[in-house]
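> No letters, just coordinates:
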C-alpha cells in the first residue's frame, strides 16, 4: 500500500519536474499557429538555410527567403518572363560586351540609406570578390562573366563583360544578384565577408533567426512597391521530415509546407482542409549515360542509348511512382526554358528496344545503375523502376546502388571520364534562370568534369558550336533557333534516358491564398493573404 | 577523492587529443569534397578554388592538422564551412535544446523505469510483471521514427491536443519528443532494475532485514534498491551520454533544433570544423558523465573509495 503511494508521489513530483523543464524557456518564439488575423503566416521548409547572404546562395529554399528581403534588378514572373524590379529598363550594347541598366529612383533600403548605382556596384564588386565567404557568382564571374561595373550616375549602372553573354539580364534574376545596403555590411552581426541579416529594399525585413529552427521576418511598412504584404509577420520553420511537415499542415501548425511525402499527394488532393499545388519546375530528371564508357563500350553507340529510351515507360513511372507530380520530357530541357523546342518522342516500345539492342549486338548487356536517395522526389524509387524496365528488355542491371549525396557527387557526378565508376546514374538538372544556355551545359563538352558537371561526357562538335553561338548571339530568335537545332541533335544522340520534368509540390491550408510557384522551384509566400 | 578527480581530469586531456585526431583523419578519408559541395551546381572551377582557399583546404594535410590543434589549444573550434559562423556559436545555440530534451527524457525514463522495475521484481511472474516486462521490450524495440510519427498522428493531427513539431509552445512542445526519446531508456532501466532487484532480494541481508522487523517499504527501498543501484546507475549514465548525441531521429521528426541535427547536417555538408567540434564536445560530455557516474557510485556504495 505505502509503496504504491510512494510511487504515485514520485510520479507526481517528476511531473512537476518535467513542467519545470518545459518552462525553462528555450528560445521560445511567440507565434501563434494558424493565421486567424492575418498577422502571422507560418511556412515549413525542409532544410536549414546555410546562409542568408545573397552572394553565397546555392539552394532555392534559402534563396526564396532572401528574395523577400533583398531584391534584384530584374525579376522573373510565374511564366518565367523577365520583369523590371529595382531596374526599370536595360539595354545590351551593340557589340554585346556591356549592358546598361536604368535604376528605379526614390527607393530606400530598410536602414534608411538610399538605393542607387553606387550600392549596385558595391554589391556586384562584393559578389566577385575572393574575400566574400562562399561567394557564388556562377556565370556572372569567371572567364566569361562581369569584368567591371561602373556607376555612371545615381540611376544608371553599366556592366562590362568579358564575353558576349546574351542571357545576362536573365542571369540577374538569380538571388546572388540581390542588392543589400552597403552600410549594413559593417553593422553587427554582419561582417563584410559574411552577411547573416540581409538589409534590402524588399517587402519584408529580417527580424530574428534561431539556427536550425526558424527565421522570422516582419512586413516592410515603407516598401516602395504598390503591392503590400498581407501578413505582418512570416515565420519560416525548419522541419526536416516530410511526414512531420504534412502533420503540421493538417493540424494547422503551419499554413504552407513544402514537399509532403510523395505517396500522400493523392490523399492530400482529396482532403478539403488543404490545398495541394504542383508548382512548375524546370528540373529535369534523367538517367545519365556514360557516352565514353570503356567498361561497357556498347553504350558509346547512339542506337543503343536510343533503345534504352524506348525501353522505359515514363508515363507509368509518373503515374505510379511520382503520383502525378511530373510531366514526360519532350526535349532535353523543361518547356518553360527559353530556347526549348519539341525535339521528338521516345514512346514506350519494349519490342522496338529489344530489336534495336539486338541489331547493335547489345542484347543482354550488363550495366551498372546508381541513384541518390532523398536528393530528388522519389529518386531511388524511380531508379528501381528504371532498373525493372531495363531488365524487361533483357539487360543485366547491377543496382540501383545508392550512397549519400556528397559521396554521390564525388564518386559519380563530378569525376572525369577516366575515373567513371558507373554506366548509368540518375541526376536532376535545374537551370536557375530558365535559359537554354544553362540547360545545355549538360551537353556542352567544355563542361566535362573537372571543368563542369557534364557527367554524360557527351562530345559533339556541332552541338558545341551551336551552343556557343546561342550563348553569345544578340538576336533572341536566332538564339532560340540555334538552341533548338542543338537540342534536336542531343535528343537523337540520347546521352540520357530522358525521363520527366519534375513538379514541385507544396501544400497550403485552405485558410490562405496567394502562394505561387515560380518555374525555378521557388515558391513565393510574399504576397499571400488569409482567405 | 580530490586527487582522484584531478587525475581523471588530467587523463582526459590525451583522450580528447586522441578523439580530435581520429575525427580529423576519418573526415578526410570520407569521399566528398567540401569546396565542391558548397560551390553548388553552377560554380566555375575558379570559384571552387577560391572557396577551397577560404576553407583552408588547399593547405597540405599536416598543416591543416597543426592549425586545427593550435586553434583547439586556444579553445577555438574554428569556423563552420557551411555558415561562416564560429563553431562554438553553432554548438552553443543548439546545446540547450539538446540538454533540455535529454534531461527531461532521462528524468522520465529513470522515474518510470525504476518504479516499474521495482514493481515487476516484487510481483515477479504475475500479470503486472508480464505487463511491465513486455512494455519494456516494446520500448526498447520500437523504432523511434515510427513511434514519433504515430504519436504525432494521434495527438497532433487527430486529437489536436499537442503540436506536431517545433518548440514554440512551451511544455506542450516537449511532451511528444520526450516520450518518444524516453521510451527506449525507460525500457532499458526497467529491465535493469528488475534483474538487479531480483538478485538483491534473494540475498541473506534482505532476509535479515525482514527478520529484524524492518517495514516492507524500508526493506525494498533502503535495503534492496539501494544495493541494486550500481548497475542501474551505470545504465543511466550511459543512456544520458547516448541521449545527448544520439537524438537525431527524434530531433528530425519533431523539428527540435538540437545537436543531433547539427551533426547530421554537418556530415551531409562535409562541414569538417563543425563535425570535429561537435564530436569533441560529445567526448567532453561523455568523459564528464563517466566521472560523475563514478562519483555517484562512491556516494551510493560507501564501500567504494577512490584514491
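Cool, got the structure. Just so we're clear, the structure is a prediction, and the values are computed from it rather than from any experiment.

> Show me the contact partners of stretch B:203-215.
Contact with stretch B:203-215 is made by A:2, B:200, B:218-219, B:222-224, B:227, as judged by C-beta atoms under 8 Å, 6 or more residues apart in numbering or on different chains. Placement of C-beta: from N, CA and C, glycine included.

> JSON lines for those residues, including neighbour count?
Below are those laid out as JSON lines (neighbours: other C-beta atoms under 10 Å in any protein chain shown):
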{"residue": "A:2", "neighbour count": "11"}
{"residue": "B:200", "neighbour count": "18"}
{"residue": "B:218", "neighbour count": "14"}
{"residue": "B:219", "neighbour count": "18"}
{"residue": "B:222", "neighbour count": "13"}
{"residue": "B:223", "neighbour count": "19"}
{"residue": "B:224", "neighbour count": "25"}
{"residue": "B:227", "neighbour count": "18"}
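
> Minimum pLDDT in those, which residue is that?
pLDDT across the contacts of stretch B:203-215 is lowest for residue A:2, at 58.

> which ones are touching the residue nearest to residue A:260 when sequence neighbours are not counted?
Closest residue to residue A:260 apart from its sequence neighbours, by C-beta to C-beta, 6 or more residues apart in numbering or on different chains: residue A:246 at 4.3 Å. Contact analysis of residue A:246 by C-beta under 8 Å, 6+ apart lists A:257, A:260-261, A:264, A:268, A:507.

> Swap in 10 Å and give it another go.
Going by C-beta atoms under 10 Å, 6 or more residues apart in numbering or on different chains, residue A:246 touches A:44, A:239, A:254, A:257, A:259-261, A:264-265, A:267-268, A:274, A:507, B:149, B:152-153, B:157, B:164.

> Now, of those residues, which are buried?
Neighbour counting with 16 or more other C-beta atoms under 10 Å in any protein chain shown marks A:44, A:239, A:254, A:257, A:259-261, A:264-265, A:268, A:274, A:507, B:149, B:152-153, B:157, B:164 as buried within the contacts of residue A:246.

> Sort out for me which of these are in helices.
Of those, the ones assigned to helices by DSSP state H are A:265, A:268, B:149.

> For my notes, please list those residues in JSON lines and give pLDDT for each entry.
Formatted as JSON lines, these follow (pLDDT from 0 to 100):
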{"residue": "A:265", "pLDDT": "96"}
{"residue": "A:268", "pLDDT": "97"}
{"residue": "B:149", "pLDDT": "96"}
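
> so can I have a markdown table of those showing distance to residue A:140?
Shown next, in a markdown table, are those (distance: C-beta to C-beta, whole Å):
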| residue | distance to residue A:140 |
| --- | --- |
| A:265 | 37 |
| A:268 | 39 |
| B:149 | 43 |
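
> Among these, find me the one that's closest to residue A:393.
residue A:265 (29.7 Å; C-beta to C-beta).

> Run the chain-centre distance for the helix or strand the residue nearest to residue A:260 falls within.
Assigned by DSSP states H and E, residue A:246 belongs to helix A:242-251. Remark: helix A:242-251 is offset 22 Å from the chain centroid, using C-alpha atoms, centre = their mean, to the nearest Å.

> Pull out the buried residues from it.
Under the neighbour-count criterion of 16+ other C-beta under 10 Å, helix A:242-251 has A:242-251 buried.

> got it, and stretch B:253-271?
Judged by neighbour count (16+ other C-beta under 10 Å), stretch B:253-271 contains these buried residues: B:253-267, B:269-271.

> what's the pLDDT at the closest residue to residue A:186 other than its chain neighbours?
Nearest residue to residue A:186, sequence neighbours excluded (C-beta to C-beta, 6+ apart): residue A:192, at 6.6 Å. With respect to pLDDT, residue A:192 has a value of 96.

> and if you look at residue A:34?
At residue A:34, pLDDT is 40.

> and if you look at the one 3 residues further on?
pLDDT recorded at residue A:37 is 54.

> do the same with the one 3 residues further on
In this prediction, residue A:40 carries a pLDDT score of 94.

> you'd agree it is up against residue A:236?
No - counting by C-beta atoms under 10 Å, residue A:40 does not reach residue A:236; the two are 11.6 Å apart.
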